[in-house]
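> Structure for this input, please:
(one chain, ligands or ions: 1)
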Amino acid sequence: MKNTTLRLLALAVFCLVLASVQAATPKKLLVVTVTKGFRHSSIPTAEKVLADIAKTSGAFTVDYARTDQEIAEKMTPEALKQYDGAIFANTTGDLPLPDKQAFIDWVKSGKGFVGMHSASDTFHGFPAYVEMLGGEFQTHHAQVRVDCRNHDPKHPATRDLGAAFTVFDEIYLQKSFDRDQVHVLLALDAHPNEKTPGFYPIAWCKDFGNGRVFYTALGHREDMWDTDTPEKFKRENSKEIAAAYQKHILGGIQWALGLEKGDGKPQSK
Ligand SMILES: [Zn+2]
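Down below sits the predicted model:
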């Protein structure tokens, strides 16, 4: 073989190896479950399910910040450099981040931020967080069955949910929400409890600087998260609903990590 052919061959092999190494290197996510307000009983379930979908998908690995001590160690600006994104799974209240603004800037620099349910009941007094998330928990009433209308059936977070995702959960009413600032994924066409017509956002995403934010208000109940809820929890959501919720959050996580393409621009623009 000619020298040039050999070189080209070597280059091709090198590229293949590089591509396989990149494909085999999962993203690294920090799952935060510390609470300073209400603590959901579904948190251990959420932690387990996130580990399960990380493993099954092979797309990412999870590390946890479950205590103030772990937040202090794993969420300094320096320590955050090792992660590709963070998940706030049913966090509440003012979390003791070593540097709150540095965390927001870290997401903005090109990381993924994912929030479930009471992630919007977190950092009420920190406008930069509310602005990043795109909404803020206001209140909720009794748990109820609702039809979440799918506003983007092509998005990785909602492509498996059909035209409407019917769930039984604690449904949040949000404030500090501006439809022109987010890409709506799921929303109700009526008040969850009173059923008066209106627009009630459930899940959305947004580009945030070079980063991406995905939020779903669903995830209060164990059987929302888990296909194998223990008998002691009365099952209101079928295993199929829980499986669909897992696809919803997996798609959202993959989108936030830049692993899957999807629109993050407000529909109104
Ligand atoms: Zn809740």
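
> Please spell out which residues along stretch 211-231 are buried.
211-227, 229 (16 or more other Cβ atoms under 10 Å). Using the backbone N, CA and C atoms, a C-beta is placed for each residue, glycine as well.

> what does stretch 157-177 give?
For stretch 157-177, burial by neighbour count (16+ other Cβ under 10 Å) applies to 157-161, 165, 167-174, 176-177.

> Just those residues: which are in helices?
Residues of the buried residues of stretch 157-177 located in helices (DSSP state H): none.

> can you dump the C-alpha coordinates of stretch 194-205 into CSV?
Taking Å, rounded to 0.1, in the frame of the first residue of the first chain, the C-alpha atoms of stretch 194-205 are listed here in CSV:
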residue,chain,number,x,y,z
GLU,A,194,-62.3,24.2,39.4
LYS,A,195,-62.2,23.2,35.6
THR,A,196,-62.7,26.8,34.5
PRO,A,197,-61.1,27.3,31.1
GLY,A,198,-57.6,28.9,31.1
PHE,A,199,-53.9,28.2,30.4
TYR,A,200,-52.2,26.3,33.2
PRO,A,201,-48.5,25.3,32.4
ILE,A,202,-47.3,21.9,33.5
ALA,A,203,-44.0,21.3,31.7
TRP,A,204,-41.7,23.5,29.7
CYS,A,205,-38.2,24.0,28.5
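
> Please point out which parts of it sit buried.
Of the residues in stretch 194-205, those buried (16+ other Cβ under 10 Å) are 200, 201, 202, 203, 204, 205.

> on that earlier part again, restricting to the buried residues of stretch 211-231, which residues neighbour the ion?
By Cβ under 5 Å from the ion, the members of the buried residues of stretch 211-231 lying near the ion are residue 220.

> Next one: stretch 92-109, is it in contact with the ion?
No - judged by Cβ under 5 Å from the ion, stretch 92-109 and the ion are separated, with a smallest distance of 9.0 Å.

> picking that back up, could you list which of the buried residues of stretch 211-231 belong to strands?
Counting by DSSP state E, the part of those found in strands is 211, 212, 213, 214, 215, 216.

> Could you single out the nearest of those residues to residue 186?
residue 216 (7.3 Å; Cβ to Cβ).

> Could you pull up the residues touching that closest one?
Residue 216 makes contact with 115, 116, 117, 157, 185, 186, 202, 203, 248, 249, 252, according to Cβ atoms under 8 Å, 6 or more residues apart in numbering.

> Endpoints of stretch 54-71, how far apart?
Terminal residues of stretch 54-71 are spaced 21 Å apart (Cα to Cα, to the nearest Å).

> Identify each buried residue in it, please.
Within stretch 54-71, the residues that count as buried by 16+ other Cβ under 10 Å are 54, 59, 60, 62, 64, 65, 70, 71.

> No more questions from me, cheers.
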